[in-house]
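Visitor: quick one, fold the following:
(4 chains)
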2 protein chains.
Amino acid sequence: MTTTRNPADTRQKILAAAFQEIHRQGYQGMRVDRVLSKTGLKKGALYHHFCSKQALGFAVLDKLIAKRIAELWIEPLQDCTDPLQDIHDLYERLGNICGEEFFTLGCPLNNLAQEMSPIDDGFRERIGRIFQSWQQALSKALQAGQERGLVDKGIDAEDCATFILSAVEGALGMTKTRQDMAVYYRCGRELQRYLNSLRAIHPAGTKPDSGG
Amino acid sequence: MTTTRNPADTRQKILAAAFQEIHRQGYQGMRVDRVLSKTGLKKGALYHHFCSKQALGFAVLDKLIAKRIAELWIEPLQDCTDPLQDIHDLYERLGNICGEEFFTLGCPLNNLAQEMSPIDDGFRERIGRIFQSWQQALSKALQAGQERGLVDKGIDAEDCATFILSAVEGALGMTKTRQDMAVYYRCGRELQRYLNSLRAIHPAGTKPDSGG
DNA sequence: TTTTACAAACAGACCGGTTGGTCTGTTTAA
DNA sequence: TTAAACAGACCAACCGGTCTGTTTGTAAAA
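Guide: This is a model prediction of the structure:
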């Protein structure tokens, strides 16, 4: 029967509903009652699994959002061949994977960052760690590209990673503001122009691998 | 005496306090009572000048925030000489004008956009108009640069303006998330790299004005 | 100039709905 | 048998907004 108890599943249901609520209304705008009505559970269940609204918010951040970022951005960059190409591919891929509704709601991580970073240390530290690992993945990929001669050795990989991350989040934010996915794709093309400007320069008239 | 009534001044005081509150806590996080305690006024005064919390929020957006954006970004771009240089200068200038505290709180306009665009039509329309004029200013400046031969005629000024706006807001957002102005300056250097990629290309070995 | 009238500009008590959280009791699984 | 896993009534604090009463500026009337 479906009436059998399953604590792990209950916990997951609560997390999923809370994630949706936070994604739509923000953390402060999320109401525990709405999470409950969405799951069909009662307060006893929620406060059995999570000791407070804040603990629930942290759990959503640590368990769902961080995982999503890792799957979409960090792991694919671990062993990429051409970082400049791959970063743009990941950007484009996000547009295919996620529906239009997702884009009108914005990046869950950045939403929380903008809302909570200045007013809650717990959120700021957790969010900071996630962004840190994201940026590191970008930076490492660019450095690997430099070693392979695909990326200009004159650039500072850390700086570029910071900018790419900012630009991606900026594009997602503007897409959300305008409620128009066309903004996302336009920004994607210009991001590609920037990425190309990071390419290793080879002497005119020679191919990258033909030089001596 | 300072006890004499001054409605216009009272209204301005309320707006200023509300702006600070919104900047720190967001619109939903702003409390009417805190605005009042900050101004020393009572509810009677506030609800005499503004019929609701929402009306107060709209007023802050229309009177304070829109004005600030116009002064900092739109008006300076009206008659600029070299848009690519001037856009970067405006970016750098913002870092000098505004204190560190401002950056840890983020762009007031984008904060509101991220928080309210998906859940309130009134805010979304107002915010959309402001961003629209901002982007138009960037776009027009780039087009003027194209006509003067300073900007590559192959680029789409609208697309570039969208990306620049997104990148600037993204940089401000990441600065806020990290609570570190160094992020802002790093992004500034990479933004400049992007802007340089929009420069008109002149034949190798010739100066821009010496070509025939 | 003084008085009166009146609306604008507030003060501040009050209210109803909302919200996160608690507490006790009951059911389920081991 | 027992502890975990819930149900659901209940609560205190908060919060936007209302309402009535009071003060102040001002312009017309005397």
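Visitor: switch to C-alpha atoms for all contacts and neighbour counts from now on
Guide: Fine.
Visitor: next up, the contacts around A:Leu77.
Guide: A:83, A:86-87, A:137-138, A:141 (Cα atoms under 8 Å, 6 or more residues apart in numbering or on different chains).
Visitor: what does chain A have sitting close to DNA strand D?
Guide: Counting by Cα under 7 Å from any atom of the strand, the residues of chain A close to DNA strand D are A:5-8, A:10-11, A:40-45, A:48-49.
Visitor: rewinding a little: now, which of the contacts of A:Leu77 sits nearest B:Glu147?
Guide: Using Cα to Cα, A:Ile87 is the member of these that sits closest to B:Glu147, with 33.2 Å.
Visitor: now the helix or strand harbouring the closest one: buried residues?
Guide: Using DSSP states H and E, the element containing A:Ile87 is helix A:83-97. Residues of helix A:83-97 classed as buried: A:83-84, A:86-88, A:91, A:95 (neighbour count, 16 or more other Cα atoms under 10 Å in any protein chain shown).
Visitor: you'd agree A:Leu105 is up against A:Lys176?
Guide: Yes - the pair A:Leu105 / A:Lys176 is scored as a contact, 5.9 Å apart, by Cα atoms under 8 Å.
Visitor: which residues do the two both contact?
Guide: With Cα under 8 Å, 6+ apart, A:Leu105 and A:Lys176 have common neighbours B:Pro118.
Visitor: taking the centroid of chain A, which residue is nearest it?
Guide: A:Ile69 (4.3 Å; Cα atoms, centre = their mean).
Visitor: returning to what we had before: after the helix holding A:Ile87, heading C-terminal, what element do we hit next?
Guide: That would be, after helix A:83-97 and using DSSP H and E, helix A:100-105.
Visitor: tell me what the next helix-or-strand element following that following helix is packed against?
Guide: Next in sequence after helix A:100-105, counting helices and strands by DSSP H and E, comes helix A:108-116. Packing contacts for helix A:108-116, counted by 3 or more Cα pairs under 8 Å, 6 or more residues apart in numbering or on different chains; DSSP states H and E, involve helix A:7-25, helix A:121-147, helix B:108-116, helix B:157-178.
Visitor: make JSON lines out of these and add distance to B:Asp62, mean neighbour count and mean pLDDT.
Guide: Formatted as JSON lines, the helices and strands packed on helix A:108-116 follow (distance: least, Cα to Cα, whole Å; neighbours: other Cα atoms under 10 Å in any protein chain shown; pLDDT from 0 to 100):
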{"stretch": "helix A:7-25", "distance to B:Asp62": "23", "mean neighbour count": "18", "mean pLDDT": "97"}
{"stretch": "helix A:121-147", "distance to B:Asp62": "30", "mean neighbour count": "19", "mean pLDDT": "98"}
{"stretch": "helix B:108-116", "distance to B:Asp62": "10", "mean neighbour count": "23", "mean pLDDT": "98"}
{"stretch": "helix B:157-178", "distance to B:Asp62": "19", "mean neighbour count": "25", "mean pLDDT": "98"}
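Visitor: now the buried members of the residues of chain A next to DNA strand D.
Guide: A:Thr10.
Visitor: using CSV, lay out the residues of chain A next to DNA strand D together with distance to A:Arg148.
Guide: Listed next are those as CSV, based on distance: Cα to Cα, whole Å:
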residue, distance to A:Arg148
A:Arg5, 54
A:Asn6, 50
A:Pro7, 49
A:Ala8, 46
A:Thr10, 48
A:Arg11, 46
A:Gly40, 54
A:Leu41, 54
A:Lys42, 56
A:Lys43, 56
A:Gly44, 57
A:Ala45, 54
A:His48, 53
A:His49, 49
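Visitor: lowest-confidence one in the residues of chain A next to DNA strand D?
Guide: Within these, A:Arg5 has the lowest pLDDT, namely 86.
Visitor: first to last residue in stretch A:52-67, what's the distance?
Guide: 22 Å (Cα to Cα, to the nearest Å).
Visitor: typo on my end, stretch A:43-62
Guide: End-to-end distance (Cα to Cα), stretch A:43-62: 22 Å.
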